[in-house]
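Novice: What would the 3D arrangement of this be:
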Amino acid sequence: MSDDKIKKEMTFGDLLRQFPKAGPILSGYGLHCIGCHIAVSETIEQGARAHGMDEGMIQKMMQDLNLRAAN
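Specialist: Predicted structure coming up:
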């Protein structure tokens, strides 16, 4: 079982409230979710897939978020 703090099932709203440093990281992956009203209730995985990310890219982004935003 993973001990990552940030999970792809989290909503963007929860992510950004709990981990404000995640915003610039998301932007670096092309997810400019901070200003989007839909993103508040959308999960990280849903948003990533809507932007054309495959599972490998989602995993890379999640590792990056946990390394840089959750610490």
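
Novice: and the spatially most central residue of the chain, what does it touch?
Specialist: Geometric centre of the chain, nearest residue: Ile44, 4.5 Å, by C-alpha atoms, centre = their mean. By C-beta atoms under 8 Å, 6 or more residues apart in numbering, Ile44 lies in contact with Ile6, Lys7, Lys8, Glu9, Met10, Thr11, Phe12, Leu15, Ile58, Met61, Met62, Leu65. C-beta here means a position set from N, CA and C on the backbone, and glycine is covered the same way.

Novice: Could you give the number of residues near the residue lying closest to Lys8 once chain neighbours are set aside?
Specialist: Nearest residue to Lys8, sequence neighbours excluded (C-beta to C-beta, 6 or more residues apart in numbering): Glu45, at 4.0 Å. The number of residues packed near Glu45 is 17, by other C-beta atoms under 10 Å.

Novice: now swap in Lys7 and tell me
Specialist: Count around Lys7 with other C-beta under 10 Å applied: 15.

Novice: quick one, longest helix in this structure?
Specialist: For the chain, the helix with the greatest residue count under DSSP state H is helix 55-68.

Novice: Show me what that helix is in contact with.
Specialist: Helix 55-68 has contacts (C-beta under 8 Å, 6+ apart) with 4-8, 15, 19, 21-22, 25-26, 29, 44-45, 48-49, 53.

Novice: what comes up buried for that helix?
Specialist: Ile58, Met61, Met62, Asp64, Leu65, Asn66 (16 or more other C-beta atoms under 10 Å).

Novice: Buried only: go through the contacts of helix 55-68 for me.
Specialist: Ile6, Lys8, Leu15, Phe19, Ala22, Ile25, Leu26, Tyr29, Ile44, Glu45, Ala48, Met53.
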